[in-house]
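Engineer: I'd like to go over a predicted model; first the sequence, then the structure.
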Amino acid sequence: MRRSLRTRLILIFAGMLVLTIVCICLANVFLLPGYYQRSKVSQMSGVYARTVSLCDGVAWADLEETERNHIYDELDILSSNFNVSIYIMQVEAYSGSGDIATLNYVYPANSERLQEVTRGQLGKYVKAIYFNEPLGDNCQILSRNSDSEVYKVYDERMDSNFIELTGRLPDNYWVYLRANYQSIQESSKVFNQFLSYVGLVVLVVGIFIMFFVTNAYTRPILRLARHARNMQELNFSSRYTDNRCDEIGVLGSSMNALSDKLEQTISELKTANNELQLDLQRRSEQEKMRQEFLSNVSHELKTPIALIQGYAEGLQENISEDEESRQFYCDVIVDEADKMNKMVKKLLSLNQLEFGNDPVHLEHFDLNSVLDSVIQSTEILFRQKDISLCFHREEEPLMVWADEYMIEEVVTNYVSNALNHVKYENKIEIKTEKREQVVRVSVFNTGDPIPEEDIGKIWTKFYKVDKARTREYGGNGIGLSIVKAVMEAHNQEYGVKNYDNGVEFWFELDRESVG
């Protein structure tokens, strides 16, 4: 069963408090009596020393009443302050058996009953001192010096233990001190009971206080734990916000710094992983494009190479002897070689665009000049095919931002495509239209619309809607792929639209205002 830190702290506190109380009680029972005994012996020795000092040089028989009362007052104070009974007496005579014959009490002088008790006790000590007689089992010597002896005595009459000190003064005067030892045991018992009650109250109050004290430490720790769980779930938006200057505050600041570092590291890892995925995807696409490229090139080059090889072998073997036939053979070889040359150039241009080897160089140029140049270069083809060209030219320069060379390639491909597919009215229309931030260029030719199922495929390399017609004019399905690559490199829109009487291809470029 899991216990919280708060519960453990409260249990530890309660255990330590109970252990402290038990130790104090045990010390009272086993150690306090010995300590009290040593302390009492030392105290009685001090009382004896002060009593001797008060009685030093005093001639009790010659004392005036005033002096005697003064000494008595001092002895009363000393007896009361230290809770010790003090007796001063003179032994004038004692028998050989140790019985005291004459005992004159000097202090106190008015207690016959006490004098009788002390007479018997003092007789024992006199016997012990002068005749070395044993004191009995109920008497135990605690300390001894040249002037005094201290005993622990059990008084059968009183049924109690006493500590007694006896010492000699000049002129056969004796000092006899007596203190009750039994009270320490009763005091110890009472104190242990009192300590138990107080300890119980302190334990209850302490547990109540510890509940709130531990709350102040466990709550921020729980907040740190929630913060750590959020970090575990990769949620780095949470923060430890307590403004503390202790170890918990330092830990919270460290966890916040760790959260920021983890967020940054994971972001970098995700970025690197995304780039790696994109790189793998690009490599996969490039490999696929390479394989398609090789397949398509092999397919496209197979026919012209076969024709060139066939006609060249015919010339080599003199199959046709007349000049006209040989000239025809040569024309076919030259024409097919020219088609192969154009296709290879277009493929190289498309390959550079698709693989990013031909970066876009943005220039600020007049689009009208590019359109004029393309129209002039193809003007002879318009005349040969008897095609009517309509170009809606702007009066003012039509400035755009783009790669001029690439845009010229796009216009050339659109115009060539229109020349190869124009029919019926033999009309081609080129126009420009200014829009909000772009210029749209469109090339329209009369003829058959593109089938709807083929519109999305015409931008694919080597795709041909009408293969027979494409072969007739020498097309290879690369021109529109170049258009697609150029416009995507410019991040601009392009497309095709069918009409009832023909097809329109268009593209857009940024205007001057975009910069």
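Structural biologist: Structure received.

Engineer: all helices of the stretch 201-350 of the chain, in order?
Structural biologist: 247-316, 323-354 (DSSP state H, counting those that start in this stretch).

Engineer: ignore the last one, the chain
Structural biologist: 5-30, 32-55, 65-82, 112-131, 182-232, 247-316, 323-354, 367-377, 379-384, 404-421, 452-455, 467-473, 479-489 (DSSP state H).

Engineer: lowest-confidence stretch among the ones you listed?
Structural biologist: Sorting those by mean pLDDT places helix 467-473 lowest, at a mean of 46.

Engineer: got a markdown table for the helices of the stretch 201-350 of the chain, with distance to V18 and mean neighbour count too?
Structural biologist: The C-beta positions use only the backbone N, C-alpha and C, and glycine is treated the same way. Putting the helices of the stretch 201-350 of the chain into a markdown table (distance: least, CB to CB, whole Å; neighbours: other CB atoms under 10 Å) gives the following:
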| stretch | distance to V18 | mean neighbour count |
| --- | --- | --- |
| helix 247-316 | 29 | 13 |
| helix 323-354 | 84 | 15 |
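
Engineer: can I get the helices of the chain in TSV with distance to R168?
Structural biologist: Listed next are the helices of the chain as TSV, based on distance: least, CB to CB, whole Å:
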stretch	distance to R168
helix 5-30	36
helix 32-55	10
helix 65-82	17
helix 112-131	8
helix 182-232	28
helix 247-316	69
helix 323-354	129
helix 367-377	140
helix 379-384	156
helix 404-421	134
helix 452-455	140
helix 467-473	149
helix 479-489	128
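
Engineer: looking at those, which is nearest to Q437?
Structural biologist: With CB to CB as the criterion, Q437 lies closest to helix 367-377 of the helices of the chain, at 14.5 Å.

Engineer: ok, residues contacting that closest one?
Structural biologist: Contacts to helix 367-377, defined as CB atoms under 8 Å, 6 or more residues apart in numbering, come from residues 389, 391, 393-394, 397-400, 404, 407-408, 411-412, 415, 430, 432, 439, 441, 509.

Engineer: repeat that for 6 Å
Structural biologist: Residues from elsewhere that reach helix 367-377 (CB atoms under 6 Å, 6 or more residues apart in numbering): 398, 400, 407-408, 411-412, 415.

Engineer: need the residues you listed in CSV with distance to L224 and neighbour count, can you?
Structural biologist: As requested, those are arranged in CSV below (distance: CB to CB, whole Å; neighbours: other CB atoms under 10 Å):
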residue, distance to L224, neighbour count
L398, 66, 21
V400, 60, 26
I407, 62, 24
E408, 66, 19
V411, 67, 21
T412, 69, 18
V415, 72, 23
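
Engineer: tell me the one among those nearest to V47.
Structural biologist: The shortest approach to V47 among the contacts of helix 367-377 belongs to V400, at 121.6 Å (CB to CB).

Engineer: do you know how far the residue nearest to that closest one when sequence neighbours are not counted is from L362?
Structural biologist: Once flanking residues are discounted, V400 sits nearest to L509: 4.2 Å by CB to CB, 6 or more residues apart in numbering. If you measure L509 against L362 using CB to CB, to the nearest Å, the figure is 10 Å.

Engineer: out of the two, which sits in the more crowded spot?
Structural biologist: Comparing L509 with L362 by neighbour count (other CB atoms under 10 Å), the higher total belongs to L509, at 22 against 13.

Engineer: distance check, that one against L142.
Structural biologist: Applying CB to CB, the value for L509 to L142 is 120 Å.

Engineer: next: V29.
Structural biologist: Between V29 and L142 the distance is 21 Å, computed by CB to CB.

Engineer: now W506
Structural biologist: In this structure, W506 and L142 are separated by 125 Å, where distance is defined by CB to CB.

Engineer: and for F505?
Structural biologist: From F505 over to L142 the distance is 127 Å, taken as CB to CB.

Engineer: next, R393: phi, psi?
Structural biologist: With angles defined as degrees, to the nearest 10, R393 sits at phi -90, psi 140.

Engineer: so what's the residue count around it?
Structural biologist: With other CB under 10 Å as criterion, R393 counts 12.

Engineer: now it: closest residue in space that isn't a chain neighbour?
Structural biologist: Closest residue to R393 apart from its sequence neighbours, by CB to CB, 6+ apart: N368 at 6.0 Å.

Engineer: got it, and I21?
Structural biologist: G199 is the one closest to I21 (CB to CB, 6+ apart), at 3.9 Å.

Engineer: what about that neighbour, how many neighbours?
Structural biologist: Look at G199: counted by other CB under 10 Å, it has 18 neighbours.

Engineer: same deal with N81?
Structural biologist: The number of residues packed near N81 is 9, by other CB under 10 Å.

Engineer: ditto for G15
Structural biologist: One way to gauge burial is a neighbour count; for G15, by other CB under 10 Å, it gives 10.

Engineer: please report how far it lies from M210.
Structural biologist: Noted for G15: a distance of 12 Å to M210, by CB to CB.

Engineer: likewise I455?
Structural biologist: Look at I455 and M210: by CB to CB, they are 81 Å apart.

Engineer: same thing with L258?
Structural biologist: Here the distance between L258 and M210 works out to 32 Å (CB to CB).

Engineer: one more: N341?
Structural biologist: Distance of N341 to M210, given as CB to CB: 95 Å.

Engineer: same check on K431?
Structural biologist: Taking CB to CB as the measure, K431 and M210 are separated by 89 Å.

Engineer: what do you get for G57?
Structural biologist: When distance is defined by CB to CB, G57 is 65 Å away from M210.

Engineer: who's more crowded, those two?
Structural biologist: Neighbour totals were compared for G57 and M210, and M210 leads with 18 against 5 (other CB under 10 Å).

Engineer: for the more buried one, give me its contacts.
Structural biologist: M210 makes contact with 10, 13 under the criterion CB under 6 Å, 6+ apart.

Engineer: same thing but 7 Å
Structural biologist: Each residue near M210 by CB atoms under 7 Å, 6 or more residues apart in numbering is listed here: 9-10, 13.

Engineer: which of those lies closest to R38?
Structural biologist: Among the contacts of M210, and counting by CB to CB, the member closest to R38 is F13, at 34.9 Å.

Engineer: wait, the closest one touches G206, no?
Structural biologist: Yes: taking CB atoms under 7 Å as the contact criterion, F13 and G206 are neighbours in contact, 6.2 Å apart.

Engineer: what mean pLDDT does stretch 504-515 get?
Structural biologist: Averaging pLDDT residue by residue across stretch 504-515 gives 78.

Engineer: which ones are touching N498?
Structural biologist: 449-450.

Engineer: kindly provide the distance from it to E504.
Structural biologist: 8 Å.

Engineer: please enumerate the shared neighbours of those two.
Structural biologist: Common contact partners of N498 and E504 (CB under 7 Å, 6+ apart): none.

Engineer: can you tell me, leaving aside adjacent residues, what's nearest to L258?
Structural biologist: Take L258 and drop its neighbours on the chain: the residue closest to it by CB to CB, 6+ apart is M231, 7.4 Å away.

Engineer: number of residues surrounding the one you found?
Structural biologist: The local packing count at M231 equals 17, with neighbours defined by other CB under 10 Å.

Engineer: my guess is it meets K261, correct?
Structural biologist: No: between M231 and K261 there is no contact, the gap being 10.6 Å when judged by CB under 7 Å.
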